[in-house]
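Colleague: one predicted model, sequence on top.
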Amino acid sequence: MRTAFTIFAIWAAGLGAAAQFGKMSVAFDVLGRAYAGHAGVGIGLMVSIVGIVGLIFGTTAGLLVARVGARRAMLVALCLGAAVSLVQSVFPPFPVMMFSRVLEGASHLAIVVVGPVAIAAAAPPARQAAAMTLWSSFFGLTYAVLFWLGPGLIAAAGPGALFQAHAAWMLACAGVLAVLMPVPPARVPVAGKGVLAEHLAIYASPFVAAPATGFICYTITYVAVLTLLPGLASPGWGGFIGVAMPLVSIGVSLTLGVWLLGRMPAVRLVQAGFALAALAALGLWATWGRGAAEACFALAVGAALGIVQGASFASIPQLNPVAEDRARAAGAIAQLGNLGTTTGTPLLAWLVSQAGASGLALFVLVFSGLGIAVHAVQARRRASV
């Protein structure tokens with residue numbers, strides 16, 4: 001029972017980390033009014049700077065977590081996240097708010113690096129794949145809940161209440177995990193190789209880097225398609241696709257994805273998910289403009305990529321039995337994942353402007369094929385070690 005509580009508490013911390021993005025999206029109009037002199041690019045940067053921190057320092061965070069320990073990193077990150085949310089709740093001057101978002105980026109990065117490492121360590125081997133798949137759902141579920149409850153909270157109690165509620169959530173997670181996460185044994189300091197050498201070692205390893213090198217193909221595709229497809233869909237279907245697609249991704253990942261992970265290696269399932277996404281993209285292209293059929297294939301793309309998402313996280317402990325390597329792999333996922341979310345949407349927007357539905361289908365086909373190929377190369381490299 002303690003194990004289950006620990007896993008769900010770590011997952012709850014992940015929900016809080018996702019809310020570090022989501023709260024700003026829900027409060028976007030409020031922020032625009034509060035900081036009217038910085039509307040447009042300034043507010044957009046305020047939302048995205050958390051991801052930029054992850055893009056720059058993702059693997060560095062993995063190295064630090066491997067050295068200081070998961071428990072300490074998680075508790076410090078949660079407390080920092082609570083503190084900056086309280087500061088943000090009073091809507092301080094713009095430079096202070098931006099600095100708080102940089103600090104929040106460090107908090108977010110630590111949580112998303114520690115989370116999969118801690119869950120993999122807590123889960124028994126027979127439940128590890130299911131636990132990692134649960135972790136992978138934290139981002140989509142948080143956005144769905146925030147966009148459902150957030151506007152009502154802002155209307156009833158003011159915009160600061162959303163940030164205060166987030167701070168309370170982070171503090172509650174810190175309190176629970178301080179009790180549940182085990183205190184690690186004393187560690188003997190190990191001389192590091194230097195940051196650059198450590199980074200090169202991470203991406204040179206077909207074990208540590210493999211989850212991330214496949215995951216970037218997922219984040220490039222999924223975030224871009226989810227952002228742009230609803231606006232391109234047939235009249236009357238865009239809103240349905242925008243709501244249903246992330247829910248289908250989460251649902252399939254937690255059901256069919258978990259079942260399949262009990263029957264095949266995670267990397268193989270990632271490749272199968274990419275293959276299904278490519279087939280669904282062809283179906284979407286063939287039925288473009290046909291309403292219900294188009295929506296069905298859009299949801300099929302979401303379902304296939306949901307399988308990729310869960311299996312990518314499940315591959316971290318399958319490929320890396322040592323906790324330090326898992327932390328490095330999670331850091332690489334954070335770094336390349338943020339690179340994918342940053343670059344995918346503008347690239348897809350350009351392709352759609354040039355080729356319409358064909359550009360969207362080509363986009364999914366290319367990156368799905370690349371995801372399959374990257375994992376095949378990494379598997380061949382692992383076999384030769």
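Modeller: All right, it came through fine. Numbering: from 1, shown residues only.
Colleague: for G160, see how far away L86 is.
Modeller: 9 Å (Cβ to Cβ, to the nearest Å). C-beta coordinates here come from the backbone N, C-alpha and C atoms, glycine included.
Colleague: over to V183?
Modeller: 36 Å.
Colleague: same question for L63.
Modeller: 36 Å.
Colleague: how many residues are close by the residue lying closest to V258 once chain neighbours are set aside?
Modeller: Nearest residue to V258, sequence neighbours excluded (Cβ to Cβ, 6 or more residues apart in numbering): A130, at 4.7 Å. Using other Cβ atoms under 10 Å, A130 is surrounded by 19 other residues.
Colleague: wait, A130 sits on G257?
Modeller: No - at 9.2 Å, A130 does not count as touching G257 under the criterion of Cβ atoms under 8 Å.
Colleague: what is in contact with those two at once?
Modeller: Common contacts of A130 and G257, defined by Cβ atoms under 8 Å, 6 or more residues apart in numbering, are absent altogether.
Colleague: would you mind writing the CA trace of stretch 372-380 as CSV?
Modeller: The C-alpha trace of stretch 372-380 is given here as CSV (Å, rounded to 0.1, in the frame of the first residue of the first chain):
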residue,chain,number,x,y,z
ILE,A,372,11.3,4.1,-35.9
ALA,A,373,14.6,4.4,-37.6
VAL,A,374,16.3,6.1,-34.6
HIS,A,375,15.3,3.3,-32.3
ALA,A,376,16.4,0.7,-34.8
VAL,A,377,19.8,2.3,-35.0
GLN,A,378,20.1,2.5,-31.2
ALA,A,379,19.0,-1.1,-30.8
ARG,A,380,21.7,-2.2,-33.3
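Colleague: in it, what counts as buried?
Modeller: Buried residues in stretch 372-380, counted by 16 or more other Cβ atoms under 10 Å: I372, V374, H375, Q378, A379.
Colleague: cool, and stretch 328-336?
Modeller: So for stretch 328-336, counting by 16+ other Cβ under 10 Å, buried means R328, A329, A330, G331, A332, I333, A334, Q335, L336.
Colleague: rewinding a little: of V183 and G160, who's got more company?
Modeller: Legend: neighbour count by other Cβ under 10 Å for V183 and G160, higher for G160 (17 against 9).
Colleague: list the contacts of S85.
Modeller: K23, E104, F163, Q164, H166, A167, M170.
Colleague: sec struct for F99, please.
Modeller: Classification of F99 using DSSP: H, G, I helix; E, B strand; the rest coil returns helix.
Colleague: regarding the chain, what is its longest helix?
Modeller: Ranked by residue count under DSSP state H, the longest helix found in the chain is helix 323-355.
Colleague: check which helices and strands that helix sits against.
Modeller: On a contact count with 3 or more Cβ pairs under 8 Å, 6 or more residues apart in numbering; DSSP states H and E, helix 323-355 meets helix 41-68, helix 94-122, helix 195-204, helix 210-232, helix 292-319, helix 357-384.
Colleague: these: which one's closest to L80?
Modeller: With Cβ to Cβ, the closest approach to L80 among these belongs to helix 94-122: 4.4 Å.
Colleague: any idea of the angle the closest one forms with helix 41-68?
Modeller: 40 degrees (axes from the mean of the first three to the mean of the last three Cα atoms, to 10 degrees).
Colleague: tell me which helix or strand in the chain has the weakest average pLDDT.
Modeller: Within the chain, no helix or strand scores below helix 41-68, which has a mean of 73 by mean pLDDT, DSSP states H and E.
Colleague: so the residue nearest the centre of the chain is in which element?
Modeller: By Cα atoms, centre = their mean, the chain has its centre lying nearest to F139, at 5.6 Å. According to DSSP states H and E, F139 maps onto helix 138-157.
Colleague: so for that helix, mean pLDDT?
Modeller: Mean per-residue pLDDT for helix 138-157: 84.
Colleague: ok, and what's touching the helix or strand just after it?
Modeller: Under the assignment DSSP H and E, the closest C-terminal helix or strand after helix 138-157 is helix 159-180. Outside helix 159-180, the residues within contact range by Cβ under 8 Å, 6+ apart are 2, 5-6, 9-10, 12-13, 15-16, 19-20, 23, 26-27, 30, 34, 71, 74-75, 78-79, 81-83, 85-86, 88-91, 150, 153-154.
Colleague: ditto for stretch 257-275
Modeller: 129-130, 133, 210, 214, 217, 304-308, 310-312, 314-315, 318-319, 368-369, 371-372, 375-376, 378-379.
Colleague: between the two ends of that stretch, how far is it?
Modeller: 14 Å (Cα to Cα, to the nearest Å).
Colleague: ok, stretch 60-75 next?
Modeller: 18 Å.
Colleague: name the residues of it that are buried.
Modeller: Buried, per 16+ other Cβ under 10 Å, within stretch 60-75: 60-66, 68-71, 73-75.
Colleague: I figured L360 was touching L351, is that so?
Modeller: Yes - counting by Cβ under 8 Å, L360 touches L351, with 6.9 Å between them.
Colleague: out of the two, which sits in the busier spot?
Modeller: L360 (24 against 19).
Colleague: any idea of the pLDDT on that one?
Modeller: So, for L360, pLDDT stands at 90.
Colleague: tell me the contacts of it?
Modeller: Contacts of L360 by Cβ under 8 Å, 6+ apart are V225, L228, L229, L232, A281, L284, W285, L348, L351, V352.
Colleague: hmm, 7 Å instead?
Modeller: Residues in contact with L360 (Cβ atoms under 7 Å, 6 or more residues apart in numbering) are L348, L351, V352.
Colleague: over to L153?
Modeller: Applying Cβ under 7 Å, 6+ apart, the residues near L153 are A161, L162, A165.
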